[in-house]
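Q: Got a sequence here, can you model it:
(one chain, ligands or ions: 1)
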Amino acid sequence: MAQIYERVALIGLGLIASSMAHAMRRAGLAGEIVGTARSAETRDIARELGFCDRVVETATEAVEGADLVVLAIPIGAMDAVAREIGPHLAKGATVTDVGSVKRAVVEAVGPHLPDNVEFIPGHPLAGTEHSGPRSGFAELFENRFTILVPSGNADMDAVTRLTQFWEGMGAKVETMDVDHHDLVLAVTSHTPHLIAYTMVGVADDLRRVTDSEVIKYSAAGFRDFTRIAASDPTMWRDVFLNNKEATLEILGRFTEELFALQRAIRTGDGDHLFDYFTHTRAIRRGIIEAGQDTDAPDFGRIGKKT
Ligand code: NAP
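A: Here you go, the predicted model:
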């Protein structure tokens with residue numbers, strides 16, 4: 001794969017940015033990778049691991065002369081960082097982000113950018129429950145979708161270039177309307193995370209009653225909830241604060257369905273339960289057929305990094 005950008009600036013050096021650096025390196029997509037993070041500790045770790053060519057102290061320094069700038073920070077930090085870098089961006093640069101919510105990022109970042117740069121928000125649908133600069137790995141985006149949400153008047157050459165960049169890191173790229181992205185992700189990621197957080201919280205209450213049984217027998221399904229519920233608290237707080245409407249909409253529908261299942265259990269309506277579970281099983285099969293998970297025992301997680 002040939003070089004796509006001369007200098008890529010990574011703002012934030014956590015799971016996503018460090019994985020991007022490893023993947024860019026592997027494919028030779030960037031002439032130079034410059035990175036920065038908020039804390040001296042993270043910058044030092046990044047220097048020690050060496051996944052950037054240069055690690056600098058500030059976002060302002062990092063974006064200097066960069067033809068691609070990637071905001072890989074929590075959603076709640078986007079506004080302040082965009083305000084800081086706006087006046088220092090190189091003319092003609094592309095600015096993108098990796099935030100899990102898109103409407104809020106468009107509103108937080110867009111107003112701070114000059115007219116002579118292209119803002120193409122993005123979201124890689126890939127992650128683990130780990131965070132920080134040590135958690136990244138080059139394969140994170142392989143065979144996973146990255147969704148780009150360019151505005152109606154985006155420069156198509158810049159969109160194509162960014163698409164090729166993500167493809168070079170192993171991703172499959174799709175473009176989507178901003179609000180549609182937030183609704184789809186509320187269904188596929190945000191609400192399921194909230195349910196996992198809740199289930200783990202409920203089990204924690206129960207643990208006090210049943211001593212260690214919840215942990216001892218967790219392989220029976222609960223363990224997968226605990227893995228999701230171990231995700232970064234800052235990131236997930238920001239997701240719910242910034243995708244309020246869509247998550248509340250899906251949560252409302254979830255509650256209705258839950259009540260229907262509750263009634264079926266109470267009234268002994270086995271047909272309802274059986275039909276419902278048959279339908280959901282077909283959805284799981286569809287995900288496997290689409291190559292987005294494996295039907296190996298234990299979800300193929302044995303020996304896998306995630
Ligand atoms: P992470 O591992 O926690 O890293 C976050 C990075 O942002 C760190 O380098 C941190 O610096 C920096 N940062 C935090 N607050 C900041 C602030 N106020 N100003 C400047 N920098 C700040 O997070 P991540 O998992 O890479 O997530 C980054 C973004 O990717 C988020 O927007 C998230 O929604 C999105 N995303 C995450 C996943 C996932 O599964 N993790 C998947 C897709 C998209 P310090 O280390 O110095 O604090």
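Q: Quick check: buried residues in the helix or strand containing T191?
A: Element membership of T191, judged by DSSP states H and E, is helix 191-210. Using 16 or more other C-beta atoms under 10 Å as the test for burial, helix 191-210 gives T191, H193, L194, I195, A196, Y197, M199, V200, A203. Any C-beta I mention is one placed from the backbone N, CA and C, and that applies to glycine too.
Q: Need the worst-confidence member of these.
A: Among the buried residues of helix 191-210, A203 carries the weakest pLDDT, at 82.
Q: what kind of secondary structure is the nearest residue to that residue once chain neighbours are set aside in?
A: Spatial nearest neighbour of A203, chain neighbours left out: V214 (4.8 Å); criterion: C-beta to C-beta, 6 or more residues apart in numbering. Judged by DSSP: H, G, I helix; E, B strand; the rest coil, the three-state class of V214 is helix.
Q: Next, count neighbours for whichever residue of the stretch 101-250 of the chain sits closest to the ligand.
A: Nearest residue of the stretch 101-250 of the chain to the ligand: G127, at 1.9 Å (C-beta to the nearest ligand atom). As a burial measure, G127 scores 21 neighbours (other C-beta atoms under 10 Å).
Q: a markdown table for the buried residues of helix 191-210, including distance to L273?
A: Putting these into a markdown table (distance: C-beta to C-beta, whole Å) gives the following:
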| residue | distance to L273 |
| --- | --- |
| T191 | 21 |
| H193 | 25 |
| L194 | 24 |
| I195 | 19 |
| A196 | 22 |
| Y197 | 25 |
| M199 | 19 |
| V200 | 24 |
| A203 | 22 |
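Q: name the helices or strands packed onto the helix or strand bottoming out on mean pLDDT in the chain?
A: Lowest by mean pLDDT, DSSP states H and E among the helices and strands of the chain is helix 213-216, with a mean of 76. Applying 3 or more C-beta pairs under 8 Å, 6 or more residues apart in numbering; DSSP states H and E, one finds that helix 213-216 contacts helix 191-210.
Q: so does the helix it packs on get close to the ligand?
A: No: Helix 191-210 stays clear of the ligand (C-beta under 6 Å from any ligand atom), getting no nearer than 9.8 Å.
Q: name the helices or strands packed onto that helix?
A: helix 213-216, helix 222-228, helix 233-242, helix 244-267.
Q: Between the ones you listed, which one is closest to D115.
A: Nearest to D115, of all the helices and strands packed on helix 191-210, is helix 233-242, at 25.4 Å by C-beta to C-beta.
Q: can you tell me if that closest one touches the ligand.
A: Yes: applying C-beta under 6 Å from any ligand atom, one finds helix 233-242 touching the ligand at M235.
Q: isn't G12 right up against L71?
A: Yes: in this structure, G12 is within contact of L71 by C-beta atoms under 8 Å, at 6.9 Å.
Q: more neighbours, those two?
A: Neighbours per residue (other C-beta under 10 Å) separate G12 from L71, with L71 holding more: 28 against 24.
Q: on that earlier part again, TSV for the helices and strands packed on helix 191-210, including mean neighbour count?
A: Below are the helices and strands packed on helix 191-210 laid out as TSV (neighbours: other C-beta atoms under 10 Å):
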stretch	mean neighbour count
helix 213-216	13
helix 222-228	16
helix 233-242	18
helix 244-267	13
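Q: Report the secondary structure state of V8.
A: Secondary structure, three-state DSSP: V8 is strand.
Q: hang on, it packs against R25?
A: No: the pair formed by V8 and R25 falls short of the contact definition of C-beta under 8 Å, at 10.6 Å.
Q: For these two, indicate the residue with more neighbours.
A: When V8 and R25 are compared for neighbours, V8 comes out ahead with 27 against 16, by other C-beta under 10 Å.
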